[in-house]
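Participant: here you go, sequence then predicted model.
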Amino acid sequence: VLLIAHVGAGRKYETSSRIDVLKDALKEGFKVLQKKDALASVITTVKIFEECGLFNAGTGSVLTISGTVEMDACIMTSEGKCGAVSCVTGIKYPIELARLVMEKTDHVILCSAGAMEFARSCGLKYFPSVQPERVKKFHELLSKNDLKYYKKVKDFLDDPYGTVGACAIDRNGLIVAGTSTGGIWGKLPGRVSDSAIPGAGTYCNSYGGISCTGHGEGVLKHCIAYFAGELLEKMDAQKVATHCVEKFCDVSFGLIIVDKNGNPGYAYNTEMMLGGYINEKDLLVFE
Ligand code: ASP
């Protein structure tokens with residue numbers, strides 16, 4: 001029984017206030033993991049991150065070049081169930097919408113207007129995704145001409161906010177992985193991130209669950225989460241995580257893993273990745 005979470009990889013930043021939220025989310029998610037199951041635990045954990053406004057997901061989502069918010073999320077289980085949304089706005093918890101896609105539709109990914117229509121039909125209320133603090137930051141970046149991520153992937157993240165993700169295994173051996181993001185500052189509207197794509201930024205099979213964070217285009221092209229999932233058949237979570245960041249060293253990213261034996265794994269080749277894990281014995285934060 002283990003829950004591991006990350007709140008994004010990128011440049012080094014002041015973490016103290018975010019560590020408190022991270023620890024609270026891990027503790028809350030773990031309670032749910034013990035009482036219910038890995039799916040409820042991952043959803044609970046990611047929703048706390050989406051709600052708090054300190055991370056690049058849900059309420060804290062960054063803006064597109066047009067000043068809009070377009071969020072992506074994906075959830076996948078070791079039973080082969082999967083749901084994802086891309087380019088959604090006006091909802092509070094994209095991970096919850098991804099779960100609804102998984103549970104209530106015959107599809108895997110819904111995007112844009114269709115995904116939002118589906119959200120309303122499920123009773124999810126409108127929530128203003130474009131937050132004033134993010135608009136202020138957007139204008140600062142624009143005035144510094146600092147929206148340059150697509151030219152220089154190595155330093156794409158100079159904003160101390162992160163994509164969020166969580167992976168858990170429960171006492172029945174169910175494994176679940178989930179990721180939620182606002183994407184990358186100044187992205188073009190319509191851009192789809194790795195986080196939303198099963199096998200790219202989020203993946204789960206019977207050997208383990210994986211959530212990636214970092215330069216989405218790079219993670220997408222290499223299908224890094226799928227690659228990690230295959231390796232988990234023969235290697236433990238930590239070995240796989242380390243191997244992936246070494247193998248894909250041309251992509252700035254990090255990943256967290258839980259394997260079928262309840263081991264945590266994490267690695268990153270960015271300056272830092274804030275995250276942590278919790279089981280019956282420990283609560284450990286890494287950065
Ligand atoms: N992978 C996310 C994206 O490309 C960003 C991140 O992880 O920070 O949208």
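Facilitator: That came in fine, so what should we check first? As the structure is a computational prediction, the values presented were derived from the model and not from experiment.
Participant: against which helices or strands is the longest helix along the chain packed?
Facilitator: The single longest helix within the chain, with elements called by DSSP state H, is helix 16-35. Applying 3 or more Cβ pairs under 8 Å, 6 or more residues apart in numbering; DSSP states H and E, one finds that helix 16-35 contacts strand 2-10, helix 38-52, strand 164-169, strand 272-278, strand 283-286. All C-beta spots, glycine's among them, are computed from the backbone N, C-alpha and C.
Participant: if you compare these, which one is most tucked away?
Facilitator: strand 164-169 (a mean of 34; mean count of other Cβ atoms under 10 Å).
Participant: off-centre distance for it?
Facilitator: Averaging C-alpha positions (Cα atoms, centre = their mean, to the nearest Å) puts strand 164-169 8 Å from its chain's average.
Participant: one more: stretch 180-188?
Facilitator: 12 Å.
Participant: can that stretch be said to contact the ligand?
Facilitator: Yes - interface with the ligand: stretch 180-188 contributes Thr181, Gly183, Ile184 (Cβ under 6 Å from any ligand atom).
Participant: neighbours of the second one, how many?
Facilitator: Looking back up the chat, that one is Gly183. 27 (other Cβ atoms under 10 Å).
Participant: pretty sure it is touching Met71, no?
Facilitator: Yes - the criterion here is Cβ atoms under 8 Å, and Gly183 meets it with Met71 at 7.4 Å.
Participant: mind giving me JSON lines with the helices and strands packed on helix 16-35 and columns for mean pLDDT?
Facilitator: As requested, the helices and strands packed on helix 16-35 are arranged in JSON lines below (pLDDT from 0 to 100):
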{"stretch": "strand 2-10", "mean pLDDT": "95"}
{"stretch": "helix 38-52", "mean pLDDT": "98"}
{"stretch": "strand 164-169", "mean pLDDT": "98"}
{"stretch": "strand 272-278", "mean pLDDT": "96"}
{"stretch": "strand 283-286", "mean pLDDT": "96"}
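Participant: what sits in contact with each of Gly183 and Met71?
Facilitator: Common contact partners of Gly183 and Met71 (Cβ atoms under 8 Å, 6 or more residues apart in numbering): Ser61.
Participant: in the stretch 101-250 of the chain, what residue is nearest the ligand?
Facilitator: Closest residue of the stretch 101-250 of the chain to the ligand, Cβ to the nearest ligand atom: Gly216 (2.1 Å).
Participant: where along the chain do the strands fall?
Facilitator: For the chain, applying DSSP state E gives strands covering 2-10, 71-77, 82-88, 109-111, 164-169, 175-181, 202-205, 208-214, 253-259, 264-268, 272-278, 283-286.
Participant: which helices and strands does the second one pack with?
Facilitator: Counting contacts by 3+ Cβ pairs under 8 Å, 6+ apart, strand 71-77 packs against helix 38-52, strand 82-88, helix 94-104, strand 175-181, strand 202-205.
Participant: so which of the ones you listed is nearest Gly275?
Facilitator: When the helices and strands packed on strand 71-77 are compared by Cβ to Cβ, helix 38-52 sits nearest Gly275, at 10.9 Å.
Participant: same for the closest one, what does it pack against?
Facilitator: Packing contacts for helix 38-52, counted by 3+ Cβ pairs under 8 Å, 6+ apart, involve strand 2-10, helix 16-35, strand 71-77, helix 94-104, strand 164-169, strand 175-181.
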